[in-house]
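Peer 1: The sequence and its predicted three-dimensional model are supplied below.
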Amino acid sequence: MKVLTLNTHSWLETAPMEKLHQLADQIRRADYDLIALQEVNQLIKSPAVTPDHYFQPTDQQVAIHEDNFAYQLVDLLKTTGHLYHWSWVASHIGYDRYEEGVAILAKSPLASEALLVSALDDPTDYHTRKLLLSQLEYEKQPLLAVSCHFSWWQDEQSGFAYEWQRLEEKLTSYQMPFILLGDFNNPAQSKGYQKIMNSPLRLQDSFLVANYTKGEHTVLKAIDGWQANQEKLRIDYQFVSSQVKVKTYRVLFDGQQTPLVSDHFGIEADLEI
């Protein structure tokens, strides 16, 4: 199973349409089975559209607008016969003009739900965080995929720690393998990262267990949310449950063999469920 995760920083990059096409080109080449995207934006005031049956809504679905980044990407892929089922959930207002959220694209149908993990439930406050949980099948094996965009570490009772506990509680009810993908905003070896690795969910960090690895860090400089950063950071992850074997792991969209399309690099993995 070929899997991609990327914080797209959508519509906030220079030459955003060019980068959207570059992302679509990579998806076509790699032919991913599952894609998780974060910072998937749409303008608050842009016109709403009615997506086709490949869109799988959550309950209490926010309307999809014509400039929704995931909608634009799926539509672009469709022009070359690459058909993806997809879901999107909005978390909060970003940059005073966007509805910002997370998305999942998959070749197989999705049963998706939004999960509020933050203590706040106020879309005007960027501390509000919702994750997207999608059940699907891969080669007749049920699987749960989660597209994650967490808050930063604050302390043991708030921020990331609070949000992680909400997700952890939710995942204990699932009797199937799962993959957690996205921007966790907690660098490797930090307190937040250790909380994940010490979880009773017995998660594996794909970077550490892959048979073959290329690349490591997903952020190299100061970016939105990390304005004072001067270090190379690994804050984007693919965590998998114990039933999943990681064959290969590669950082891409790093400006080397694949172009820079965001302020984050992406992660591609080949998994065996």
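Peer 2: Here it is on my side, so go on.
Peer 1: Surely D263 and L6 touch.
Peer 2: No. Counting by Cβ atoms under 8 Å, D263 sits too far from L6 to count as a contact (10.8 Å). Backbone N, C-alpha and C define where each C-beta goes, glycine included.
Peer 1: quick one, what contacts D33?
Peer 2: Taking Cβ atoms under 8 Å, 6 or more residues apart in numbering, we find D33 in contact with 1-3, 106-108, 138.
Peer 1: And those residues, which of them are buried?
Peer 2: Among the contacts of D33, those buried by neighbour count (16 or more other Cβ atoms under 10 Å) are 1-3, 106-107, 138.
Peer 1: Residues touching stretch 182-200, excluding its own?
Peer 2: So stretch 182-200 is contacted by 5, 7, 36, 38-39, 102, 146-153, 160-161, 164, 168, 172, 203, 205, 207, 225, 233-237, 239, 264 (Cβ under 8 Å, 6+ apart).
Peer 1: Selection in ChimeraX covering whichever of these are buried, please.
Peer 2: One line in ChimeraX is enough to select the buried ones among the contacts of stretch 182-200; burial here means 16+ other Cβ under 10 Å:
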select :5,7,36,38,39,102,146,147,148,149,150,151,153,160,161,164,168,203,205,207,225,233,234,235,236,237,239,264
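Peer 1: Restricted to strands, list the contacts of stretch 182-200.
Peer 2: In strands, defined here by DSSP state E, the members of the contacts of stretch 182-200 are 5, 7, 36, 38-39, 102, 146-149, 153, 205, 236-237, 239.
Peer 1: before we move on, back to that, from the buried ones among the contacts of D33, which is closest to D25?
Peer 2: K2 (15.4 Å; Cβ to Cβ).
Peer 1: now that closest one, nearest residue through space, not along the chain?
Peer 2: Y32 (4.8 Å; Cβ to Cβ, 6 or more residues apart in numbering).
Peer 1: Starting from E231, give me the distance back to that neighbour.
Peer 2: 29 Å (Cβ to Cβ, to the nearest Å).
Peer 1: do V117 as well
Peer 2: 27 Å.
Peer 1: Comparing these two, which residue is more hemmed in?
Peer 2: Taking neighbours as other Cβ atoms under 10 Å, V117 and E231 compare with V117 leading, 24 against 11.
Peer 1: does the more buried one really touch L132, like I thought?
Peer 2: No. Contact criterion Cβ under 8 Å: V117 and L132 do not qualify, at 11.1 Å.
Peer 1: A24: what secondary structure?
Peer 2: helix (DSSP: H, G, I helix; E, B strand; the rest coil).
Peer 1: quick one: contacts for it?
Peer 2: Per Cβ under 8 Å, 6+ apart, neighbours of A24: 73, 76-77.
Peer 1: what do you get for T8?
Peer 2: T8 touches 23, 37-40, 69, 261-262, counting by Cβ under 8 Å, 6+ apart.
Peer 1: please redo it, this time with the cut-off set to 10 Å
Peer 2: 16, 19-20, 23, 37-41, 69-70, 73, 102-103, 253, 261-264, 266 (Cβ atoms under 10 Å, 6 or more residues apart in numbering).
Peer 1: Next, W152: phi, psi?
Peer 2: As for W152, its main-chain torsions (degrees, to the nearest 10) stand at phi -80, psi 160.
Peer 1: Check the nearest residue to D183 once chain neighbours are set aside and give its pLDDT.
Peer 2: Spatially, and ignoring its direct neighbours in sequence, D183 is nearest to N7 (4.4 Å; Cβ to Cβ, 6+ apart). At N7, the model reports a pLDDT of 97.
Peer 1: now the one 4 residues further on
Peer 2: pLDDT, the model's per-residue confidence, is 95 for W11.
Peer 1: For burial, what's the neighbour tally of L131?
Peer 2: For L131, using other Cβ under 10 Å, the count is 26.
Peer 1: where's it, which helix or strand?
Peer 2: strand 130-138 (DSSP states H and E).
Peer 1: May I see the buried residues of that strand?
Peer 2: Quick answer for strand 130-138 (16+ other Cβ under 10 Å): 130-136, 138.
Peer 1: Direction included, what does it pair against?
Peer 2: strand 111-116 (antiparallel), strand 141-149 (antiparallel) (DSSP bridges).
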